[in-house]
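Participant: test case, fold it:
(2 chains)
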Amino acid sequence: MAKEIPSRNDDYSQWYNELVKKADLAEHSDVRGCMVIKPYGYSIWEKMQQALDKMFKETGHSNAYFPLFVPKSLFEAEEKNAEGFAKECAIVTHYRLKTDPTNKGKLIVDPDAKLEEELVVRPTSEAIIWSTYKKWIQSYRDLPILINQWANVVRWEMRTRLFLRTAEFLWQEGHTAHATSDEAVQETLQMLDVYAEFAESFMAMPVIKGRKSEGEKFPGALDTYCIEAMMQDGKALQAGTSHFLGQNFAKAFDVKFTGKDGKLDHVWGTSWGVSTRLMGALVMAHSDDEGLVLPPKLAPIHVVIVPIFRSEEDLAKLSEKANEISASLRKQGLSVKFDNRDTYKPGYKFAEWELKGVPVRIAIGPRDLENGTVEVARRDTKEKQVINLDDVVTEIPKLLDAIQENIYQRALTFRTNMITPVDSFDEFKKVLDEKSGFVLAHWDGSQETETAVKEETKATIRCIPLDAKEEAGICVYSGKASTRRVLFARAY
RNA sequence: CGGGGUGUAGCGUAGCCCGGUAUCGCGCCUGGUUUGGGACCAGGAGGUCGUCAGUUCGAAUCUGGCCACCCCGACCA
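Facilitator: Okay, the predicted model is just below:
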């Protein structure tokens, strides 16, 4: 078998890695830490982009584009932010190469072409964007500014994993400026809701909305909100973040506006982003030992039609029917692939499309032509049924909806079973080691405790869930008083 | 950046200790038979053994430098 992948239960990391490669999503590039997203993988990312972009537009945002390079002086303006990213920045120091005088045919960096000021390759764009906003904003009439950009960023990570952490990655970053704190907070929470809505209704991946602890929040933000998802190995994956920046960047870049009352004040900011990391989340949330399981709303191909034939004549007859089916399904906005390759056998094709996560497969052969039927197989449960040709048009869309719902429910049930409230540190450790998943525990709110717990268990506070009930308790680690439970987990 | 490992055909590998121009599987190409769950038979193509230097009559194999990747740490808003 050509495309065998290890079982999910053996070694989750290995399974993930091989699946990403075998399903044609992406592969490591020869460039250190970088990734090549292959056409099939990119087409899923495009579906994500389209859905997110629509949601951004519906909430009043516009797209724009800012430079890749950030002059060092701008980058360092917001101190906490600069410090937070300093260790993972790529820096441009020269602008020219020349032929090596001592080694013909080779190039060296021209020492005479050193830049006056180094350029940081953006690890995030707050600096360059806020330095631009300064020029755009004078009055409350110029606010709010609601801009998103689709871009690549570079973070020089020590260890990389396909989609989850690479030196360069694709993302969107929203950067907004507001006249009041309240409005900025509202924006921050609105975008968090947009992300949660996207994760749940498009990716079919339940998420927990929450606020980050001091130690985990974005450098330069007053508050960081996030959505946390659970992968099938019980580990957490931060799937999106939304930051309330307060006036930090406005102050660092001197962005002021005159209010209705004539008073001068710094503007309030937010930033929010999701990245190609969502691709990793999608893989780890739903896939099984046979390969990807894609939610219909993000599948580049909804339905694949596999003809079963012996002769050219058979294929011709089947093609006619298949084209009819395709046309009627396409009319409903579905993406249909007719796999009429005569170079592979049906069994091979079945396996290949399962590996790629196509939600629905229709098999049609001579037997079906006689009976006026087709065989319909769904990817999520592997169930097959024979239905009448006439019912295809009505049944397939229903089936796709059912699949979308089913994989969401499956993920939700799994997550529900894997969230464990604990009341002692022994229990805390035991659950993490033996059951894994998320742990809901009381925490005294101190960074010392968070750090100590991390050192002992590798688990971090994923978030303080927004819907956490007020509940008196004592911190599992320090025994001090606590008012609510927070979410701990080992994370990607 | 620390500790360990690996680098041999498109992919996965054997050979390395003990030096003599490279093994096997998948994939690929050709021909034939096949086609309702990853087909079979026969033939064939494809390799500067990561790279640079050294030792040697001779290096995938021994020695040294460099590079890359993987795993474990550290790091990762």
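Participant: now stretch A:298-309, how far from the chain's geometric center?
Facilitator: For stretch A:298-309, the separation from the chain centroid amounts to 25 Å (computed by C-alpha atoms, centre = their mean, to the nearest Å).
Participant: hmm, I typed the wrong one, I wanted stretch A:317-325.
Facilitator: Offset of stretch A:317-325 from its chain centre (C-alpha atoms, centre = their mean): 38 Å.
Participant: put the alpha carbons of it into PDB.
Facilitator: Extracted in PDB, the C-alpha atoms of stretch A:317-325 (Å, rounded to 0.1, in the frame of the first residue of the first chain):
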ATOM      1  CA  LYS A 317     -22.200   5.300 -20.600                       C
ATOM      2  CA  LEU A 318     -21.200   5.900 -17.000                       C
ATOM      3  CA  SER A 319     -19.600   9.300 -17.900                       C
ATOM      4  CA  GLU A 320     -22.900  10.400 -19.300                       C
ATOM      5  CA  LYS A 321     -24.700   9.700 -16.100                       C
ATOM      6  CA  ALA A 322     -21.900  11.100 -14.000                       C
ATOM      7  CA  ASN A 323     -21.900  14.300 -15.900                       C
ATOM      8  CA  GLU A 324     -25.700  14.600 -15.400                       C
ATOM      9  CA  ILE A 325     -25.200  14.100 -11.700                       C
END
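Participant: element containing the residue nearest to the spatial centre of chain A, please.
Facilitator: By C-alpha atoms, centre = their mean, chain A has its centre lying nearest to residue A:278, at 1.7 Å. Per DSSP states H and E: residue A:278 is located in helix A:277-286.
Participant: re earlier: any idea how far the residue nearest to the centre of chain A is from RNA strand B?
Facilitator: Plainly put, residue A:278 is 14 Å away from RNA strand B if you go by C-beta to the nearest atom of the strand, to the nearest Å. Backbone N, C-alpha and C define where each C-beta goes, glycine included.
Participant: mean confidence for stretch A:219-229?
Facilitator: The predicted model assigns stretch A:219-229 a mean pLDDT of 95.
Participant: tell me the residues of the stretch 101-250 of chain A that contact RNA strand B?
Facilitator: For the stretch 101-250 of chain A, the contact set with RNA strand B under C-beta under 7 Å from any atom of the strand comprises A:123-124, A:155, A:157-161, A:165, A:212, A:216-219, A:221, A:224, A:241.
Participant: neighbours around the closest residue to residue A:113 other than its chain neighbours, how many?
Facilitator: Excluding its sequence neighbours, the residue lying closest to residue A:113 (C-beta to C-beta, 6 or more residues apart in numbering) is residue A:96, at 3.5 Å. Residue A:96 has 12 neighbours, counted by other C-beta atoms under 10 Å.
Participant: also the one 4 residues further on?
Facilitator: The local packing of residue A:100 (other C-beta under 10 Å) involves 12 other residues.
Participant: that one contacts residue A:108, doesn't it?
Facilitator: Yes. With contact defined as C-beta atoms under 8 Å, residue A:100 reaches residue A:108; the gap is 4.6 Å.
Participant: tell me which residue in the stretch 101-250 of chain A sits closest to RNA strand B.
Facilitator: Going by C-beta to the nearest atom of the strand, RNA strand B is nearest to residue A:158 of the stretch 101-250 of chain A, at 3.0 Å.
Participant: need the contact list for that residue.
Facilitator: Residue A:158 makes no contacts at all, as judged by C-beta atoms under 8 Å, 6 or more residues apart in numbering.
Participant: how about it, secondary structure?
Facilitator: coil (DSSP: H, G, I helix; E, B strand; the rest coil).
Participant: gap between it and residue A:87?
Facilitator: Distance of residue A:158 to residue A:87, computed by C-beta to C-beta, to the nearest Å: 9 Å.
Participant: same question for residue A:51.
Facilitator: According to C-beta to C-beta, residue A:51 stands 34 Å off from residue A:87.
Participant: which of the two has more neighbours?
Facilitator: Neighbour totals were compared for residue A:51 and residue A:87, and residue A:51 leads with 17 against 11 (other C-beta under 10 Å).
Participant: do I have it right that that one meets residue A:199?
Facilitator: No. Counting by C-beta under 8 Å, residue A:51 stays clear of residue A:199, with 10.7 Å between them.
Participant: how about the helices in the stretch 351-492 of chain A?
Facilitator: For the stretch 351-492 of chain A, helices defined by DSSP state H, counting those that start in this stretch occupy the ranges A:366-371, A:392-417, A:425-430, A:447-457.
Participant: which bits of the stretch 251-400 of chain A sit near RNA strand B?
Facilitator: Within reach of RNA strand B by C-beta under 7 Å from any atom of the strand, the stretch 251-400 of chain A has these residues: A:290, A:308-311, A:342, A:344-348, A:350-352, A:354-355, A:361, A:363-368, A:375, A:377, A:382, A:384.
Participant: and the gap between the residue of the stretch 201-350 of chain A found nearest RNA strand B and residue A:359?
Facilitator: Of all residues in the stretch 201-350 of chain A, residue A:347 sits closest to RNA strand B, with a separation of 2.6 Å (C-beta to the nearest atom of the strand). Per C-beta to C-beta, residue A:347 is found 19 Å from residue A:359.
Participant: more neighbours, the two?
Facilitator: Each of residue A:347 and residue A:359 has its neighbours counted (other C-beta under 10 Å); residue A:359 has more, 27 against 10.
Participant: wait, what's in contact with that one?
Facilitator: Residue A:359 sits next to A:294, A:295, A:296, A:299, A:302, A:303, A:378, A:379, A:380, A:400, A:403 when contact means C-beta under 8 Å, 6+ apart.
Participant: okay, and which of those residues map to strands?
Facilitator: Among the contacts of residue A:359, the ones falling in strands (DSSP state E) are A:303, A:378.
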